[in-house]
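Q: Dropping the sequence and predicted coords here.
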Amino acid sequence: MGEMSSQGLHQADFDLTQFYAVFFEEAAENLASYESMLLEIDVADASDDELNAIFRVAHSIKGGAATFSFADVTELTHQLETLLDRVRKHELRLTRPMIDVLIESGDVLKAQLARYQGSTNETQDTTDLVVRIKKLAAGEELVAAVSGQRQLRVLIGPLANGAAADSLAELFRDIPSLGALEALDGGQLSAEGMRTFKVTTPSPDSELTELFSFHVSREQIQITPFPPAAQTEVIDVRTDVGGRSNNAESQTVGASAMEGEGFGFFVDLNTLPAARAGNAAAAQAAGDGGANGGVRGKKSDPNKPEKFANIESSTLRVSVEKVDQLINLVGELVITQAMLTQQVKPFDPVQHQALLTAVNDLERNTRHLQESVMSIRMIPMSFVFNRFPRVIRDLCTKLNKEIDLKMVGEATELDKGLIEKIVDPLTHLVRNSADHGIESPVKRLAAGKSANGTITLSAAHQGGSIVIEVRDDGAGLSRERLLAKAHERGLSVRDDMTDPEVWALIWEPGFSTADKLTDVSGRGVGMDVVRRNIASLGGTVELDSAEGYGTRVIVRLPLTLAIMDGMSIGVGSEIYILPLGSVVESLQIKANDIRTVTGAERVVKVRDEYLPVVALADVFQVPAAERRGVAEIMVIIEAEGQRVAALVDELVGQQQVVVKNLESNYRRVPGVSGATILGDGRVALIIDVSGLVKRSSLKPGLSTKEM
Amino acid sequence: MQSILAVDDSASMRQMVAFTLKSAGYNVIEAADGQEALDKARGQSVNLVLTDQNMPRMDGITLVKNLRGLPGYSSTPILVLTTESSDDMKAKGKAAGATGWLVKPFDPGKLIEVIKKVIR
């Protein structure tokens, strides 16, 4: 060390781009928490912690942006920092317009950063925004003044003598409303000719300066907030920054501290033990990092600082690919373990006790391993929920409504892949609730409700699924209008349909484009799309409503797409998997229970309901030669509210299967949603129940009508 | 090898500082806030502490005060990094017992230049 000249280390030689990724990631996280803090903050009663945390985001992004020369980001965060600094020091009162501007600035920062990341080319015009921030930061002194007494440090000088400053004390005596003035320097001029006072006043800075300028010139007045930290010592603040020699290498610096451009020292470096020439070399020779003279304390081995470095952070960032690879491998392991378990089944438990115990252990450990690995991909629902305060806020402004958002169960975890895909459908549902569910404050008051509507978002685990609910206390659906609308669209409806059946009309594709419906009950815009998206995730969606009281949409999703509870069924020599969630029941039937209608369609009557019959052997074209007799087992499966009876040869059992994507490994196959490997090593196809149901469902209304 | 305790809540800044210092041949111990720095400082001595001012949990000034009370740290050079080179900030740093200050942003060369003035 030491050979490296400081010139050689200048910015040009450093590839700062290598730190961009971390900065972008960090800034994104910071901005996300910045926004949620701003959305949650109580304008009237913001805590210091909250204000400091918000300030810190601007401060931190500014630091990074300045280092990486992202000029526009630096400029904007600088303005924000100035504003927020005054707010956190209670020089300015936090206001609603301020929060609006702060949130808007967050958006602009996101866009600016996106441009540096290359994801957009749009440049942001921040002129107007910066002007508004500056106005807020500067113009609000009047607001600050009415908010109460402020404590200020007033520096007067340099002065030739202390007399001029003493007249300030008279000023405060003459004008009691000005507050109190207290000399912090015992009435003595400092070496630089400065006087220091503490002023407690309700008056704005400008007014103080105005009054003081009767006695001293404006240039001699410095007003800064009084540091909240208790400081008894009067500090000699040097004012001639940068005015001294920049030649810091000079050994002739006396006992006074020195400053350079952008840095400074409070003590004479020559008094520092570490600064003594030769000492560093001695320290190195001794092999003791703490050997530099004055540094006492515990001996430590400088070769082993890792001991501390290792506990640096309790979280670890890993790429999703790595996790997926791990999940895949564990999936394979589960299959191998299942094979082993199956292989040892016929073994005599007495003779092979050790082997069987080991296989048992393997099964248990594999399960735990699988659960742990799956949990890596699990992230809390707050990742989705966190965007909604903003969505609701924007909608309230746009729709002139008052909506409170309640969120329950944000900590509930869900697979990352599902989280990403549930964002759009949920956003759609929340928007619908805000737009069409919640009434205007006037209407609500007229209906005897509170002016504020409430939308509740909740998430909870229920068995192997997650249940997400979007509930509003709005107008609810109107049964009559839905039926009328359905009639108009030529859907087969009857007046005596049950409520759930009426609500289910919402999911009909025909309803999605009905623009008039927004006036009616308000729902239906793209609801079929929502349902389709959720179904493609292996989930279901239900709706419940009460006119005048509100609407509830319940989304059920599997916790993960990688593992599924399946029912294995036999058709001929093939095994297929039906997702257990879609299996309603299985029954033994006789051939004459099945009737043929309209020539080709076959139906079976199950408890007064006629269900279309699907012979899986026909669907998958299993050769008749492989079949043993006629299928006599019927599995009733349900998807998207429709039921069909699937004819199978054999019920093999229930098991957890590791889902393998058929599309990425082979190609898309109609009627099949994926594949899995069975315990005996064979491949079994997983049946796409909603596809099957769609293909074979009867005309609407027929399934429930008595024939 | 001389050790530097680098404290900053921003991972990117910390990474950059650590990289710069390591390139210049220093051993770097990183901490994400004052509290973590204090914990790491206990039980080992370093040749220099480089700390950001504004951090969650414990800010730079408080860290300086606490470090000064720690055995072995009474005279360890401590530089405070600050985005504002305000007199107020400097006064606080001085009162807390900091050795000096350095304005952020700085370029890597400047950082090494200043550090070399303090530890040679």
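A: Perfect, I can see it now.

Q: tell me the phi and psi of residue A:681?
A: Geometry field for residue A:681 lists phi and psi as phi 90, psi -10, criterion degrees, to the nearest 10.

Q: That should have said residue A:548, apologies.
A: In terms of degrees, to the nearest 10, the main-chain angles of residue A:548 are phi 90, psi -20.

Q: Please apply the same query to residue A:157.
A: Residue A:157 has phi and psi values of phi 140, psi -180 when expressed as degrees, to the nearest 10.

Q: likewise the one 10 residues further on?
A: Its backbone dihedrals place residue A:167 at phi -70, psi -20, with angles given as degrees, to the nearest 10.

Q: nearest spatial neighbour of it, skipping sequence neighbours?
A: If the residues on either side of it in the chain are set aside, residue A:167 comes closest to residue A:215, at 4.5 Å by CB to CB, 6 or more residues apart in numbering or on different chains. Where you see a C-beta, it was placed from the backbone N, CA and C, and this is true even at glycine.

Q: Confirm that neighbour sits in a strand?
A: No. When the secondary structure is assigned by DSSP: H, G, I helix; E, B strand; the rest coil, residue A:215 falls in coil instead of a strand.

Q: OK, contacts around it?
A: By CB atoms under 8 Å, 6 or more residues apart in numbering or on different chains, the residues touching residue A:215 are A:164, A:165, A:167, A:168, A:171.

Q: can the residues you listed go into CSV with extra columns for neighbour count?
A: As requested, the contacts of residue A:215 are exported to CSV (neighbours: other CB atoms under 10 Å in any protein chain shown):
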residue, neighbour count
A:164, 17
A:165, 26
A:167, 12
A:168, 23
A:171, 15
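
Q: Kindly reformat these as JSON lines containing secondary structure.
A: Below are the contacts of residue A:215 laid out as JSON lines (three-state DSSP):
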{"residue": "A:164", "secondary structure": "helix"}
{"residue": "A:165", "secondary structure": "helix"}
{"residue": "A:167", "secondary structure": "helix"}
{"residue": "A:168", "secondary structure": "helix"}
{"residue": "A:171", "secondary structure": "helix"}
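
Q: so where does the nearest residue to residue A:171 once chain neighbours are set aside fall, helix or strand?
A: Nearest in space to residue A:171, with sequence neighbours left out and distances taken as CB to CB, 6+ apart, is residue A:211 at 6.0 Å. In this structure, residue A:211 sits in helix A:205-212 according to DSSP states H and E.

Q: Check which helices and strands that helix is in contact with.
A: Counting by 3 or more CB pairs under 8 Å, 6 or more residues apart in numbering or on different chains; DSSP states H and E, the packing neighbours recorded for helix A:205-212 are helix A:141-146, strand A:150-156, helix A:163-174, strand A:221-225.

Q: how far does it sit from the chain's center?
A: The chain centroid and the centroid of helix A:205-212 are separated by 47 Å under CA atoms, centre = their mean, to the nearest Å.

Q: Buried residues in it, which are they?
A: A:205, A:208, A:211, A:212 (16 or more other CB atoms under 10 Å in any protein chain shown).

Q: and if you look at stretch A:432-447?
A: By neighbour count, and taking 16+ other CB under 10 Å as the criterion, the buried residues in stretch A:432-447 are A:432, A:433, A:434, A:435, A:436, A:437, A:438, A:439, A:441, A:444.

Q: Stretch A:615-624 now?
A: Using 16+ other CB under 10 Å as the burial criterion, the residues of stretch A:615-624 that qualify are A:615, A:616, A:617, A:619, A:620, A:622.

Q: Would you agree the first one is in contact with residue A:649?
A: Read that as residue A:615. No. Here residue A:615 lies out of contact with residue A:649, judged by CB atoms under 8 Å, at a distance of 10.0 Å.

Q: Taking strand A:150-156 as reference, get the angle to the helix or strand of chain B with the lowest mean pLDDT.
A: Ranked by mean pLDDT, DSSP states H and E, the helix or strand of chain B with the weakest confidence is helix B:87-96, at a mean of 80. Using axes from the mean of the first three to the mean of the last three CA atoms, to 10 degrees, the interaxial angle of helix B:87-96 with respect to strand A:150-156 works out to 90 degrees.

Q: can you pull out the helices in chain B?
A: In chain order, chain B shows helices spanning B:11-23, B:34-41, B:60-68, B:87-96, B:108-118, with DSSP state H as the criterion.

Q: Now do the last one: which elements does it pack against?
A: So that's helix B:108-118. Helices and strands touching helix B:108-118, by 3+ CB pairs under 8 Å, 6+ apart, are strand A:263-265, helix B:11-23, strand B:48-52, strand B:78-82, strand B:100-103.

Q: redo that, cut-off 10 Å
A: Packed against helix B:108-118 by the contact rule (3 or more CB pairs under 10 Å, 6 or more residues apart in numbering or on different chains; DSSP states H and E) you find strand A:258-260, strand A:263-265, helix B:11-23, strand B:48-52, strand B:78-82, strand B:100-103.

Q: The ones you listed: which one's closest to residue A:466?
A: Distances from residue A:466 to each of the helices and strands packed on helix B:108-118 were compared using CB to CB; the shortest belongs to helix B:11-23, at 31.4 Å.

Q: how far is that closest one from where the chain is centred?
A: Remark: helix B:11-23 is offset 12 Å from the chain centroid, using CA atoms, centre = their mean.

Q: check contacts around the residue in the stretch 51-200 of chain A positioned nearest to chain B.
A: With CB to the nearest CB as the measure, the residue in the stretch 51-200 of chain A that lies nearest chain B is residue A:66; the distance is 3.7 Å. Contact partners of residue A:66, counting by CB atoms under 10 Å, 6 or more residues apart in numbering or on different chains, are A:73, A:74, A:75, A:77, A:78, B:83, B:103, B:104, B:105, B:106.

Q: What sits closest to the fifth one if chain neighbours are left out?
A: Ranked by CB to CB, 6+ apart and with sequence neighbours excluded, the top spatial neighbour of residue A:78 is residue A:62, at 5.7 Å.

Q: quick one, phi psi at that neighbour?
A: phi -60, psi -40.

Q: in terms of contact, does it touch residue A:71 like I think?
A: No. Judged on CB atoms under 10 Å, residue A:62 makes no contact with residue A:71 at a distance of 11.4 Å.

Q: Can you pick out the residue with more neighbours from those two?
A: A count of neighbours by other CB atoms under 10 Å in any protein chain shown puts residue A:62 above the other of residue A:62 and residue A:71, at 23 against 11.

Q: I'd like to know how many residues surround residue 103.
A: If you meant another chain, say so; for now it's chain A. 17.

Q: that's the wrong chain, I wanted chain B
A: Residue B:103 is surrounded by 17 other residues when neighbours are defined as other CB under 10 Å.

Q: rewinding a little: correct me, but the residue nearest to residue A:171 touches residue A:223?
A: No. Proximity of residue A:211 to residue A:223 does not meet the contact threshold set by CB under 10 Å, at 11.4 Å.

Q: quick one on the thing from earlier: now go through the buried residues of stretch A:432-447 and say which are in helices.
A: Filtering the buried residues of stretch A:432-447 for membership in helices, criterion DSSP H, returns A:432, A:441, A:444.

Q: Okay, the second one and residue B:26: tell me how far apart.
A: Taken as CB to CB, to the nearest Å, the spacing of residue A:441 relative to residue B:26 amounts to 63 Å.
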